[in-house]
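Q: I would like the atomic coordinates for the input below:
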Amino acid sequence: MNLPSQPDREFEQRLASPLLEVLIRAGLILAMVLLCYRVFSPFLILMTWALILAVTLYPLHQSLAGRIGGKQGLAATLLVIIGVALIVAPTAMLMSSLGDSVYQLVNDVQNNSLKIPAPRPGVEEWPVVGKQIHEVWAKAHADLPALAQSMQPKIGELAKTALGFVASIGGGLLQFLAALIIAGILMAFGQSGGRGSLAISARLAGAARGGELVKLSTATIRAVAQGVIGVAFIQAIIVGLALLAAGVPWAGALAVVVLVLGIAQVPALIVTLPAIIYLWSSGDYSNAAAIAYTVILLVSGMADNVLKPLMLGRGVDAPMPVILLGALGGMATAGILGMFVGATLLALGYQLFMGWVATNSEAGQVRAESEAPPAS
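A: Numbers count the residues shown, from 1 in each chain. Below you'll find the model as predicted:
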């Protein structure tokens, strides 16, 4: 059996010592990263949303700061106050209406005081599900307590889920308020933050590619946050307030539906038109009031036609299915606030990935052209 020679053993020892040192350093860095992530993870969604808000509102912040003598802190404070007045307060009103509606429904079902109107003619003739819907509807109209008693476990689970959803929306609203305040702080120090972002991108992707990476990320965040999420959120508030003023039941729930439809780029008229039909068919409104509320609901349902040109400077390059999947996945992961964060992050990841693919394709094409033999 041949033993390794003395030079070989010395070479192995010289190689093992630096390798062991590198592994120890890598392990310590990994442990530090994991510990930092564990400490920071409860605030990850909040800080991500604050960063998205800061990047989106920074041009408006700079414009406002220029009008008041370049005072960055004062401009950020004014933007936070305006955001609370125009977004947080109306949203709180709609969420309060939604919570009251859910609580009233659960209370009426539990106390057997809920009244269900008789099924309308023609429901039984609906395709596929008409007979089942008519049967349950007629039973609920004739003897709602018995129906509620037979479906008590399901009703209890649905009530618990609905109340939990309302509570999560309330928690999300508080998180949004905190994110708005943090975004104001970030905007007040926006210049140093911009330099830091450029330095990090240059360290990760190189000096030449780092600036392009920051520009692409900023443009994508602003396009999605303003042109998709922002438009859907503002329109949901406008439609919700119009429904609340018109006295339409479940105005808060319908506002949430408008929000989801807006993110999916579906017109809000799908919600406002049935509300208008309810106004005219309920018989609780005079002709003048019905006409006035009809005009308000029609205008609010088409508000996105005005908001999109104002808030979207260019088209969103990410496909709508990517944004919708990000919104739904974010909502399933982190509640109502995660819907906004998920849509923006997934669109940003898609754009960065496609930019990386395009860069590699261009580099490969240039390399192939340089290696091609000259034409004879």
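
Q: what's the neighbour count on Phe189?
A: 14 (other CB atoms under 10 Å). The C-beta positions use only the backbone N, C-alpha and C, and glycine is treated the same way.

Q: give me the pLDDT for it.
A: pLDDT for Phe189: 89.

Q: roughly how far apart are it and Gly283?
A: 58 Å (CB to CB, to the nearest Å).

Q: swap in Ala65?
A: Ala65 is 54 Å from Gly283, by CB to CB.

Q: what of Gln72?
A: Going from Gln72 to Gly283 by CB to CB gives 56 Å.

Q: more crowded one of these two?
A: Taking neighbours as other CB under 10 Å, Gln72 and Gly283 compare with Gln72 leading, 17 against 7.

Q: hmm, who's touching stretch 67-80?
A: With contact meaning CB atoms under 8 Å, 6 or more residues apart in numbering, stretch 67-80 is reached by 57, 60-62, 64-65, 180-181, 183-185, 187-190.

Q: so which of those sit within helices?
A: Those of the contacts of stretch 67-80 mapping onto helices are 57, 60-62, 64-65, 180-181, 183-185, 187-188, 190, per DSSP state H.

Q: ok, of those, which come out buried?
A: Buried members of the ones in helices among the contacts of stretch 67-80, scored by 16 or more other CB atoms under 10 Å, are Leu57, His61, Leu64, Ala65, Leu180, Ile181, Ala183, Gly184, Met187, Ala188, Gly190.

Q: neighbours of the residue lying closest to the fifth one once chain neighbours are set aside, just the number please.
A: Closest residue to Leu180 in three dimensions, ignoring its sequence neighbours and counting by CB to CB, 6 or more residues apart in numbering: Gly83, at 5.1 Å. The criterion is other CB under 10 Å. On that basis, Gly83 has 19 neighbouring residues.

Q: what about Gly83, helix or strand, and which?
A: Using DSSP states H and E, Gly83 sits within helix 72-83.

Q: elements contacting the helix or strand following that helix?
A: Helices and strands here follow DSSP H and E; after helix 72-83, the next one along the chain is helix 89-110. Contacts defined by 3 or more CB pairs under 8 Å, 6 or more residues apart in numbering; DSSP states H and E place helix 89-110 against helix 152-188, helix 231-246, helix 251-263.

Q: how about JSON lines for those, with distance to Gly99 added?
A: Shown next, in JSON lines, are the helices and strands packed on helix 89-110 (distance: least, CB to CB, whole Å):
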{"stretch": "helix 152-188", "distance to Gly99": "5"}
{"stretch": "helix 231-246", "distance to Gly99": "13"}
{"stretch": "helix 251-263", "distance to Gly99": "7"}
